[in-house]
Every structure is written in C-alpha cells, then in structure tokens.
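Student: here is a sequence together with a model predicted from it:
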Amino acid sequence: MTTRRMATAHATLLALGLTCGCSVQHMAMSSAGEMLRGGSAAMNQEPDFEVARLAFPGNLKTVEVLLASDPDNPDFLFVLSQGFAAYTYLFVEDEIDLADGAGDVQEVKKLKDRASALYLRAQKYGAASLGPELTTLFETGDMEQLRKRLQTLEQEIVPVLFWYTFAWVGRINLDQSNPERVAELPRVEMLMSRVSELMPDYYFGLPPLTAGAIYAGRAPMFGGNLEKGKAALEAGVAVSQGKFLLGKFLLARYYAVQTQDSQLFCTQLQEVLATPDDALPEQQMMNNITKRWSTRWLLRAADLFADLDGGCVAPEATDDTDTEGSDDLLQ
C-alpha cells in the first residue's frame, strides 16, 4: 500500500472511530437522561430530611456536568429546572423561615439572595427547554398575544412549563417589595392557570395548588382572589384525596389565614400531622417536610388569630421549630 493510500485509510478509520464515539456518547447521554427522570423517584421516597437536604446539591451538580457534554438534552434540562426549583422551595426557603423566626435579619437577606439566584437558575433551565420564542413571549410579550398563545399549548409542555413558572413564582415571592417583580404576577397567574387547565393532576395536583396559593396568598386589595384561591386549593387536594399533604398545608397557610378562619387552619394542619407516614410512599419526602412546616405553623396560631388565645393543640416543638417567621409562597 502506498503512503498516500495508508494516510487515506488511517483518516477514514479515524473518522469512523470518532463517529462511533459520538454515537456511543449520545446513546450514553440519552440513557443517563432517562435514568435521571426515573431516578428522581428515589429522592421523593427519602424519609429523612437531612439525607434529602444534603443529597440534593451534589445530585444537581452532577447533572450540570452531564449537561455540559450535551447542552440540548431535554431530560437534563428538565431535571435541572425541576431540581433547583424543588430544592430551593423545600430546603433553602425552610432555612429562611427558621432564620426569620430567630430574628437574624442579615441571615434572612443572605438566604433570600441565594434562593432568588437558585430560582433564576431553575427558570433559565426551563427557558432553555421551552425555547426562546416561547420564553420571550412569556416574559416580555404582549399580554393579549400571550393569552392567545397559551390556548394553543398542549399537555406535553406541562412538566417543563410548570417548573419554569414555579421558579418564577418563587423569585417574585422573595422580592415582593420590588415593583418590577410584582408587576410580573399577572404573567405567572396566566401561565399557572393554563398549566392547571391542561393537566390539573400533574405531580399530585401541584399546579392547582400553586395557583391557589397565588390567589389566596394576597388580600383582594392587592390583587388576590380568595374564593378562586380556595377553589383551586380544594381541587388540588382532591387529586390525591388529601394524601399529598402540601395541599392541606397551603389551604391553612394561605386561605385560612387570609380569611381568619382559625377552625379551618387548625383542622387542616392537625389532619396533616395525623396522617400516617406511609399514606403516600412515593412522596414520603414531601409529606414529611409538610409535617415539619405544619408543626411550626400550628405553634404560631395564637399570633395569627385573635380568637385563639391558647393556639391550636399542637405537638411539642422540636429544636428546629420556631414560633415566629413565615414560610411564604405568596402573601
């Protein structure tokens, strides 16, 4: 074989090898994405608060490393949007609540800044999955055009759109003194309302529960709609027949507090704490965290309702349970 032919053959084999490598890499990334979507079930079933809290960041960083090798992978983008939104809401906002109860103003500010950055990260991953045309319309487009476009969306967009919107809601909540953030509320209301219409039973009713918290978390004079909020919250609770405990917590925390219905507040939170730990095994982590929050809010009842001098009957506080502060989604 001549030198020229040998060089040509070598180049051809190298090209084939690279093609094969890329194909293998693509297959590996595709399989990893599918495994990550399915693997989130293991985290949802984790009963120990500290194990879940400590495991979350490392898992998310691993997915970011994978994403760097496959930037358009829809599974990676979805897992990161959902993961950063959930981690921030469940764990960072929990820290904010405890710091607020301890009266540590500087720590609250530091944690809020961190939470806002993490929510933005989740929103950006969701935006990358949704694409620039949609996200530009969602965030800055004409409201009437947005309304019309939302009606054309179909169910398959719900998971990504939900977590993108959930993260956006979280950012607004953390910066309620900022008029620019508050001005975004009509947009997130429209998005979450549409998600609730398309798939109300997604994630055990979380879309209507989130929509309900948005509506019931503000007094009517500030744009809230208590009855609309109550209807959405009750619809969300009904999806799991009350087994996904976050719904009862939100009904107490937002609707009951806004309407000063102390009986509803106490009943809902007591029902949360009385629910067996195995009522919804696939959401053990969420239910245990909801019980953590419910204990905390029951102990605040006397400060929230004028007719409850002695408060609700509640379990004895643990070391990490404060009697002040707030765990707001929107208030």
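Tutor: Done, it's in.
Student: now do the closest residue in space to residue 74 that isn't next to it in sequence against residue 44, distance only.
Tutor: Leaving aside its chain neighbours, residue 74 sits nearest to residue 129 (5.9 Å; criterion: CB to CB, 6 or more residues apart in numbering). From N, CA and C alone the C-beta is placed, and that goes for glycine too. Per CB to CB, to the nearest Å, residue 129 is found 21 Å from residue 44.
Student: of these two, give the one with the bigger neighbour count.
Tutor: Per other CB atoms under 10 Å, whichever of residue 129 and residue 44 has more neighbours is residue 129, with 24 against 17.
Student: against which helices or strands is the helix or strand harbouring the more buried one packed?
Tutor: Per DSSP states H and E: residue 129 is located in helix 105-130. For helix 105-130, the elements it packs on are helix 74-87, helix 93-101, helix 158-174, judged by 3 or more CB pairs under 8 Å, 6 or more residues apart in numbering; DSSP states H and E.
Student: in that helix, what's buried?
Tutor: Applying a neighbour-count criterion of 16 or more other CB atoms under 10 Å, one finds 108, 111-112, 115-116, 118-130 buried in helix 105-130.
Student: and for stretch 233-244?
Tutor: 233, 235-237, 239-240, 242-244.
Student: with stretch 262-270 instead?
Tutor: 262, 264-270.
Student: who's in contact with it?
Tutor: 248-249, 251-252, 255-257, 294, 297-298, 301, 304-305, 307-308, 312-314 (CB atoms under 8 Å, 6 or more residues apart in numbering).
Student: which ChimeraX command selects the buried ones in those residues?
Tutor: Per 16+ other CB under 10 Å, the buried members of those correspond to this ChimeraX selection:
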select :248,249,251,252,255,256,257,294,297,298,301,304,305,312,314
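Student: need the residues that contact the host helix or strand of residue 136.
Tutor: For residue 136, the host element (DSSP H and E) is helix 132-140. Residues outside helix 132-140 that contact it (CB under 8 Å, 6+ apart): 127, 130, 145-146, 149, 164, 184, 187, 191.
Student: residues contacting residue 193?
Tutor: residue 211.
Student: quick one: it from residue 228, how far?
Tutor: Computed as CB to CB, the residue 193 to residue 228 distance reads 10 Å.
Student: got it, and residue 216?
Tutor: 8 Å.
Student: same check on residue 283?
Tutor: Distance of residue 283 to residue 228, given as CB to CB: 26 Å.
Student: for residue 163, same thing?
Tutor: Separation of residue 163 from residue 228 (CB to CB) stands at 23 Å.
Student: which one's more surrounded, those two?
Tutor: Shown here are residue 163 and residue 228; by other CB under 10 Å, residue 163 has more neighbours (27 against 16).
Student: count the neighbours of the nearest residue to residue 89 once chain neighbours are set aside for me.
Tutor: Leaving aside its chain neighbours, residue 89 sits nearest to residue 170 (6.1 Å; criterion: CB to CB, 6+ apart). Residue 170 has 26 neighbouring residues, counting by other CB under 10 Å.
Student: now residue 40
Tutor: 16.
Student: ok, now which ones touch it?
Tutor: 79, 82-83.
Student: so residue 190 sits right up against residue 150, yeah?
Tutor: Yes. Counting by CB atoms under 8 Å, residue 190 does reach residue 150; the two are 6.3 Å apart.
Student: looking at these two, which is more packed in?
Tutor: Neighbour comparison, residue 190 and residue 150: the larger count goes to residue 150, with 19 against 16 (by other CB under 10 Å).
Student: now the more buried one. Nearest residue, chain neighbours left out?
Tutor: Once flanking residues are discounted, residue 150 sits nearest to residue 194: 4.4 Å by CB to CB, 6+ apart.
Student: tell me the spacing between that neighbour and residue 166.
Tutor: Distance from residue 194 to residue 166, by CB to CB: 14 Å.
Student: please apply the same query to residue 179.
Tutor: 22 Å.
Student: one more: residue 275?
Tutor: Residue 275 is 24 Å from residue 166, by CB to CB.
Student: the two: who's more crowded?
Tutor: Between residue 275 and residue 166, counted using other CB under 10 Å, residue 166 has the larger neighbour count: 28 against 18.
Student: the spatially closest residue to the more buried one that is not a sequence neighbour: neighbouring residues, count only.
Tutor: Once flanking residues are discounted, residue 166 sits nearest to residue 85: 5.1 Å by CB to CB, 6+ apart. Neighbourhood size, residue 85 [other CB under 10 Å]: 26.
Student: dump the contacts of helix 132-140 to a markdown table, plus distance to residue 202.
Tutor: Converted to a markdown table, the contacts of helix 132-140 look like this (distance: CB to CB, whole Å):
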| residue | distance to residue 202 |
| --- | --- |
| 127 | 19 |
| 130 | 16 |
| 145 | 25 |
| 146 | 21 |
| 149 | 20 |
| 164 | 13 |
| 184 | 22 |
| 187 | 20 |
| 191 | 14 |
